[in-house]
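Asks: one predicted model, sequence on top.
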Amino acid sequence: MSDPVHDARGRLSEARFVHVEGVARMAAELAERHGVDPETARWCAFVHDLLKEEPTAWLREEAERRSVPSEFRQPDAILHASVMGAMARDELAAGEEAVQAITFHPTAHPDLGRLGQILFLADKLEEGRCYPSVETLRACASRGLVEGMAATLASITAYLESAGKKVHPLTQAALQAFQRRMATDR
């Protein structure tokens, strides 16, 4: 997994690769705007979904083998992120902030650093995403990472709750943390 663009192109379906390219473009733009290294953000974007289409059974085995904490294994939909975060740490010598960004891109985390915020926002708001509030959320993210996180997490939470779906505890905790930060920053 030396070249993330090559690895993503060879490993992912065309639709997933198009998503990853969109995330990479948006991550680089947000990084540039908010004082984070755009190449690091782009690298994280290209590896964030590298395992997304792998079989769940394999991901569970890898999570066990790599000692991924149990709270980062449920639901199965987030396994690709926690396993990829562990692989980035163990095999790609990724720094802690990149590992955190990759691991928590599906759920967010209350202590997410700026690189993690950028990856989370880019994943949820990239140009291929099309839902009623996406343009407003993109504008929030462009103005400020904390504002973008608070607004995007609130939107995701409201959508999941209205659809009768469970909100991940890390997402709930991140929403509360970023709303507090918004109130404090004013």
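Replies: That came in fine, so what should we check first?
Asks: got the contact list for the one residue sitting closest to the centre of the chain?
Replies: Central residue of the chain (CA atoms, centre = their mean): residue 105, 1.9 Å from the mean position. Residue 105 makes contacts with 48, 81, 116, 119, 120, 123, as judged by CB atoms under 8 Å, 6 or more residues apart in numbering. C-beta coordinates here come from the backbone N, C-alpha and C atoms, glycine included.
Asks: can you map out the helices along the chain?
Replies: Counting by DSSP state H, the chain has helices at residues 4-11, 14-33, 38-48, 56-65, 79-91, 96-103, 114-125, 134-143, 145-162, 169-185.
Asks: how about the fifth one: buried residues?
Replies: In other words, helix 79-91. By neighbour count on 16 or more other CB atoms under 10 Å, the buried set for helix 79-91 is 79, 80, 81, 82, 83, 84, 85, 86, 87, 88, 89.
Asks: for the longest one, same thing?
Replies: Of the residues in helix 14-33, those with enough neighbours to count as buried (16+ other CB under 10 Å) are 17, 19-24, 26-31.
Asks: what's the angle from it to helix 96-103?
Replies: 140 degrees (axes from the mean of the first three to the mean of the last three CA atoms, to 10 degrees).
Asks: ok now helix 14-33, how far from the chain's centre?
Replies: Distance of helix 14-33 from the chain centroid (CA atoms, centre = their mean, to the nearest Å) equals 11 Å.
Asks: where are the low-confidence patches of the protein?
Replies: In the predicted model, the chain carries pLDDT under 70 at residues 1-6, 186.
Asks: cutoff 50 now
Replies: 1 (pLDDT under 50).
Asks: from what I can see residue 145 touches residue 117, true?
Replies: Yes - using CB atoms under 8 Å, residue 145 is in contact with residue 117, at 4.4 Å.
Asks: find the nearest non-adjacent residue to residue 11, please.
Replies: Using CB to CB, 6 or more residues apart in numbering and skipping the chain neighbours, the partner closest in space to residue 11 is residue 50 (6.1 Å).
Asks: and the gap between the one you found and residue 165?
Replies: Noted for residue 50: a distance of 25 Å to residue 165, by CB to CB, to the nearest Å.
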